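A.B. asks: 3D, please:
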Amino acid sequence: MRPLRFLGCLWGLLSVQALRFSEGGGTLHTRRFFFVGGSYVKQGKSEVVHGQMYVERLTPAKVTQDFPILFIHGLGMTGSNLINTPDGRAGWADYFLAEGYEVYLVDQPGRGRSAWKEGVDGNQITVGATWIESHFTATRNYGLWPQASLHTQWPGNGTVGDPIFDEFYKSVMPSLVSSVESSLLVTAAGSNLLDIIGPVILITHSQSGQFGWPLADARPSKVKAIVALEPSGPPFDNPSTLSVSSLVRPYGLTEIPIAFDPPISSPADLNYHAVKVTSDYTCYQQVPPARQMVNLVDIPVLVVTAEASYHAVYDDCTVQFLAEAGVNVKHVQLEDVGIRGNGHMIFMEKNSLQIAEDVINRWLQQSLTSSCLAFDLCYASYFEFSQSCL
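C.D. replies: A predicted model of the protein is given here:
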């Protein structure tokens, strides 16, 4: 019996290691794609489908997690940006596949493989290379906010002509100008997707942060957790101005309606006031007692902020708004857990896998009940697993 037990343990060890992330090659998985949402609308004398969303489903050889991950990308991006990094390393999609998660990637409606329709969809804009340099990849060269000088984790020098920057910038897509239009389209198509695939872990980034809240609001039972990577903010206002007249998120964190308790009939019902965050920065919060984001209060939320990003200036305001609105939110500022030098594109940077492992996945395991691996050993390391077989 002992040889059979040894072979069983050896098979288990190999199975666990096969599912682990390998820098040299991708994780074994199957790939499918489909479309959700959309409707036929008039275009000239014919009809076209508008508002559809491309969905890519990646399933590892062995699914060990209870809930799949749904990634929604940010401005100018598509789902392909999660596949690998601009310098050729495997991306977060592969990491989470190796951890036993099924992964769904989407292209927002009106972008990439979710085709924009002329005369039907709204105007588009493409983010320029200089803006990308100054806000994402070479922030030290521009110094537009105090923390910009701390940025060290982008691979390459982050400027036009650098092969890694050029590879990244070639992936930048035209995006709908109107965030209201994008919010409505993503919420509609995303709700359709959740009705099809069931409960998910929702990971948003940047622009899509303000799409994640109304999606979870529309389907609260289908969103088991939200990881918001530097979500759109701060509340109500743009980070570039503190003028009330420039109100851009009238519902606090969103541009489209979301449920509050007590209910509101219009954004005017949300009373807000200026709150001094630092000596040189002010943001807006609800006037107490804050109305509650009633459909989000049972969903655990993680907000992640990088040390050198422009979000380091104001993500505290976003987290405060969520907490005062009754949301169970945890805020991880990467420098506080020893992860230094990151900018806004944390899932592309040199230490991206450390962030996925030590911050995102660790929080998910703490926040959700997950399935066990072979021999009823949950998330065991190689050493722990091997010792149990002796």
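A.B. asks: Confirm that His135 sits in a helix.
C.D. replies: Yes - counting by DSSP: H, G, I helix; E, B strand; the rest coil, His135 is part of a helix.
A.B. asks: shouldn't it be in contact with His311?
C.D. replies: No - counting by C-beta atoms under 8 Å, His135 does not reach His311; the two are 10.2 Å apart. From N, CA and C alone the C-beta is placed, and that goes for glycine too.
A.B. asks: The two - which one has more neighbours?
C.D. replies: Neighbour count, other C-beta atoms under 10 Å: between His135 and His311, His311 has more, with 27 against 19.
A.B. asks: Next up, the contacts around the spatially closest residue to the more buried one that is not a sequence neighbour.
C.D. replies: Nearest residue to His311, sequence neighbours excluded (C-beta to C-beta, 6 or more residues apart in numbering): Glu230, at 4.0 Å. Taking C-beta atoms under 8 Å, 6 or more residues apart in numbering, we find Glu230 in contact with 205-206, 209, 303-306, 309, 311, 315, 344, 346.
A.B. asks: Looking at those, which is nearest Arg32?
C.D. replies: Arg32 lies nearest to His205 out of those, by C-beta to C-beta, at 23.2 Å.
A.B. asks: Now do the strands in the stretch 251-390 of the chain.
C.D. replies: 272-278, 281-286, 301-305, 329-333 (DSSP state E, counting those that start in this stretch).
A.B. asks: on that earlier part again, between His135 and His311, which contacts overlap?
C.D. replies: With C-beta under 8 Å, 6+ apart, His135 and His311 have common neighbours His344.
A.B. asks: thought Gly26 was touching Ala90?
C.D. replies: Yes - applying C-beta under 8 Å as the test, Gly26 and Ala90 come out as touching, 6.0 Å apart.
A.B. asks: Between these two, point out the one with more neighbours.
C.D. replies: Ranked by neighbour count (other C-beta under 10 Å), Gly26 and Ala90 place Ala90 first, with 21 against 16.
A.B. asks: My guess is that one contacts Leu97. True?
C.D. replies: No - between Ala90 and Leu97 there is no contact under C-beta under 8 Å: 9.4 Å.
A.B. asks: hey, what's in contact with both of the two?
C.D. replies: Gly26.
A.B. asks: Asn123 and Gly74, how far apart?
C.D. replies: Asn123 is 19 Å from Gly74, where distance means C-beta to C-beta, to the nearest Å.
A.B. asks: likewise Val327?
C.D. replies: 21 Å.
A.B. asks: Setting aside sequence neighbours, what's the nearest residue to Ala138?
C.D. replies: Counting by C-beta to C-beta, 6+ apart, Ala138 lies nearest to Gly158, which is 3.4 Å off, once chain neighbours are set aside.
A.B. asks: The residue lying closest to Val127 once chain neighbours are set aside - how many residues pack around it?
C.D. replies: Nearest residue to Val127, sequence neighbours excluded (C-beta to C-beta, 6+ apart): Gly76, at 4.7 Å. Using other C-beta under 10 Å, Gly76 has 21 other residues around it.
A.B. asks: Would you confirm that Gly76 contacts Ser175?
C.D. replies: Yes - using C-beta under 8 Å, Gly76 is in contact with Ser175, at 5.5 Å.
A.B. asks: Show me the common contact partners of these two, please.
C.D. replies: Listed as contacting both Gly76 and Ser175 by C-beta under 8 Å, 6+ apart are 126-127.
A.B. asks: quick one: low-confidence parts of this structure?
C.D. replies: Residue ranges of the chain with pLDDT under 70: 1-25, 240-246, 369-390.
A.B. asks: so how far is Val103 from Arg219?
C.D. replies: 19 Å.
A.B. asks: before we move on, what about Asn157?
C.D. replies: Distance from Asn157 to Val103, by C-beta to C-beta: 31 Å.
A.B. asks: Among these two, which residue is more densely surrounded?
C.D. replies: It is Val103, of Asn157 and Val103, that has more neighbours when counted by other C-beta under 10 Å, with 27 against 15.
A.B. asks: residues touching the more buried one, list them.
C.D. replies: Neighbours of Val103 in contact, by C-beta under 8 Å, 6+ apart: 57-58, 68-69, 71, 82, 93, 96-97.
A.B. asks: In strands only, show me those.
C.D. replies: Of those, the ones assigned to strands by DSSP state E are 57-58, 69, 71.
A.B. asks: any chance of those residues in JSON lines, plus neighbour count and distance to Val223?
C.D. replies: Below are these laid out as JSON lines (neighbours: other C-beta atoms under 10 Å; distance: C-beta to C-beta, whole Å):
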{"residue": "Arg57", "neighbour count": "16", "distance to Val223": "18"}
{"residue": "Leu58", "neighbour count": "25", "distance to Val223": "19"}
{"residue": "Ile69", "neighbour count": "26", "distance to Val223": "12"}
{"residue": "Phe71", "neighbour count": "27", "distance to Val223": "13"}
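A.B. asks: Trp145: which of those residues is nearest?
C.D. replies: Distance to Trp145, by C-beta to C-beta, is smallest for Phe71 among the ones in strands among the contacts of Val103, at 26.5 Å.
A.B. asks: For the closest one, list each beta-bridge partner.
C.D. replies: Counting by DSSP bridges, Phe71 forms beta bridges with Leu105, Ile203.
A.B. asks: Surely it is in contact with Thr78?
C.D. replies: No - look at Phe71 against Thr78 with C-beta under 8 Å: they stay out of range, at 10.5 Å.
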